[in-house]
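Enquirer: here is the input, now give the coordinates:
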Amino acid sequence: MAKGFRSGILSRSSRLMGVAAHVAGHEARHQVRRRLERSAEALGAHRLSTTMRQAEALVSGLSDLKGAVMKAGQLLSIDASDLLPPEAVELLGRLQSHAEPVPFESLRAVLEEDLGPGWPALLTDLDPRAAAAASIGQVHRARHEGRSVAVKIQYPGVAQSIDSDLAMLHRISGSWLALTGRKIDLEQVFEEMRSVLHQEADYVQEGLHMERFRADLAGRPEYVVPTPMPAVSSARVLTASWEDGVPLRELLTPEAPPELTRWLATTLLDLYCLEFFELGLVQTDPNPGNFLVRPEQRQLVLLDFGATLAYDDLFRLRYLALLEVIGRGRRAEVVAAGVEQGMLDPREAPETKDLFAELLLSAVEPFLAQRQPFDFSDADYAARTRDVGQAFVKALRYSPPPRELVFLHRKLGGLFNIIKRMGVRLDLAPYWARMVGTELRPAA
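Expert: Alright, predicted model coming up:
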C-alpha cells in the first residue's frame, strides 16, 4: 500500500486518535500557560500559536488519512471563519486544493473488481498520473470508444470507513465542546454529514444526479454538464466525458477581466437560485475545484455531483416562509420563527436569541435596496457579520446547527466567498425578489 494511504479501519482509527491526542496536547499546554501567564497580550499570542499548531496537526493528519475525515476537514475549512483566526482557516484550506494523489497501482484493483479484468480494453490510454485528487477518490484521463473521458476512481476502503471515521470525529468534537462548557448535541449534524458522505461514496447515485442535471439544464447553454457513461461506471468508478476549461480558482482575483468575473458571479448565483427554488436539487459543495470556465463561450462547466441533495416542497416552503419573516425585519418574529422551525432551542438565553436574530438579519443585508450594488469585498460588512457569527457561536449552549440548512447555507456562503475573492459589485435586489417576491425591509 502506498505511503500515507490507509484503508484498514483499525489503522485509520489509530491514526485519527493520534491526531486527536496531538491536538489535545497543544490545548493542554495552552491551558497550563493560561493559568501561569498574567499578560493578556502574551496569552492572546500563545492562543493564536496554539490554534495554528492544532490546525497544522489536523491538516497533516487528515490529508494523510483521506476519506471521511479529510472531507470533514474540508467542510471545517469552509465554516471555520466563525471559530478560527484567518491564518488557521487558510491553513485548513490546503485540504481543498492540495490533496495528494495516490499511485495508480493502489487503485488498479478497484477497476478490476468493479469493471472486470477486461477493463483496459474499455478504458484505453489511461494516464496513470492523476489529473485531480480529492478526499474520496481521484480522476484519471483515458479514452472510451474513441472519446476522451474522465475516470473517477474511489480510494479502497473509503465507503467502509465512513461510519467509524465519523464516530471518532464525533467523539473528539464532544470532548472539545465539553472544554467550552457548551451542551450542544451534534448528533443531527453528524447524521447529515454521514448521509452526505455515504452518498458521495456512491458513484452510481452521482452518475444519476449528473444525468438529472444534464436534462434539467439542457436548455441553458451557459451551463455544461459532463455526459456520464454507465457502461464503464460502477459504485466506485464513475466515467464521464472529459471537459476542458480554465479552473475557476485561477479567476478568483480582482485582476481577472471585470466583464468575465461579473458574468461568473451572476451565473453562479443564478445556478443556486435555479437549483433550490426551481429544481429542488442542490449540489451543496462550494469548492471552486468543482467548476471550470470557458471564457470565450461564456460557459460554466459543472464537474462534481457527489454532494447533491434533494429538498422537498415542504422544506422549501418553510424556508421561504422564514425568509419572508426575516425580510420584514422584526427581531421578535425572527426569533419566534427560529424556535418554531427548530433552528434555535427555546432554552437559549435572551442575549443568544438576540444574536440569532442579528445573525439572520445581517445575512440578508446584502439584498437591501440601499446597499445596491452590493460590494462583496466590503470589509466593514464582513467584519460585522464575522463578529456576530463568532459571538452567536460562543453564546450557544443548547442549539446545534439545523441539519437541513448545514449544507445548503454552506453552498450559499461558499458562493459569496468566491464572488468576494473576485472583487465584484452586484445588484442583488432582483435575487431577493426572485427568492421571496416581497420587498426587503431594514431591521427594526
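
Enquirer: what sits against the nearest residue to Leu107 once chain neighbours are set aside?
Expert: Nearest non-adjacent residue to Leu107, counting by Cβ to Cβ, 6 or more residues apart in numbering: Ile153, 4.6 Å away. In short, each C-beta sits where N, CA and C put it, glycine included. Ile153 sits next to Leu107, Val110, Leu111, Gly137, Gln138, Val139, His140, Arg236, Val237 when contact means Cβ atoms under 8 Å, 6 or more residues apart in numbering.

Enquirer: ok, what's across the strand from Ile153?
Expert: Beta-bridge pairing of Ile153 under DSSP bridges involves Gln138, Val237.

Enquirer: so how far is Gln370 from it?
Expert: Ile153 sits 51 Å away from Gln370, taking Cβ to Cβ, to the nearest Å as the criterion.

Enquirer: ok, now Asp202?
Expert: From Asp202 to Gln370 the distance is 46 Å (Cβ to Cβ).

Enquirer: of these two, which one has the most company?
Expert: Taking other Cβ atoms under 10 Å, Asp202 and Gln370 do not tie; Asp202 has more neighbours (17 against 7).

Enquirer: so what's the more buried one up against?
Expert: Ala159, Ala235.

Enquirer: let's see that with 7 Å instead.
Expert: Contacts for Asp202 were tallied using Cβ atoms under 7 Å, 6 or more residues apart in numbering; they are Ala235.

Enquirer: which parts of the stretch 51-200 of the chain are strands?
Expert: Remark: strands assigned in the stretch 51-200 of the chain by DSSP state E, counting those that start in this stretch are 132-133, 137-144, 147-154.

Enquirer: mind putting the ones you listed into CSV with mean pLDDT?
Expert: Formatted as CSV, the strands of the stretch 51-200 of the chain follow (pLDDT from 0 to 100):
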stretch, mean pLDDT
strand 132-133, 86
strand 137-144, 96
strand 147-154, 97
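
Enquirer: closest to Glu365 out of those?
Expert: strand 132-133 (36.5 Å; Cβ to Cβ).

Enquirer: pLDDT weak spots in the chain?
Expert: Along the chain, the parts satisfying pLDDT under 70 run over 1-99, 169, 172-186, 188-189, 192, 401-403, 406, 438-440, 443-444.

Enquirer: try 50 this time
Expert: Low-confidence segments of the chain, defined by pLDDT under 50: 1-7, 9-10, 43-44, 46-48, 51, 76-77, 79-89, 92, 97.

Enquirer: Glu296 in helix, strand or coil?
Expert: coil (DSSP: H, G, I helix; E, B strand; the rest coil).

Enquirer: list the buried ones in stretch 414-434?
Expert: Neighbour-count burial for stretch 414-434, counted by 16 or more other Cβ atoms under 10 Å, picks out 414-426, 428-429, 431-432.

Enquirer: who's in contact with that stretch?
Expert: Contacts of stretch 414-434 (Cβ under 7 Å, 6+ apart): 78, 251-254, 256, 261-262, 264-266, 268-269, 272-273, 286, 288, 366-367, 369, 372-377, 440.
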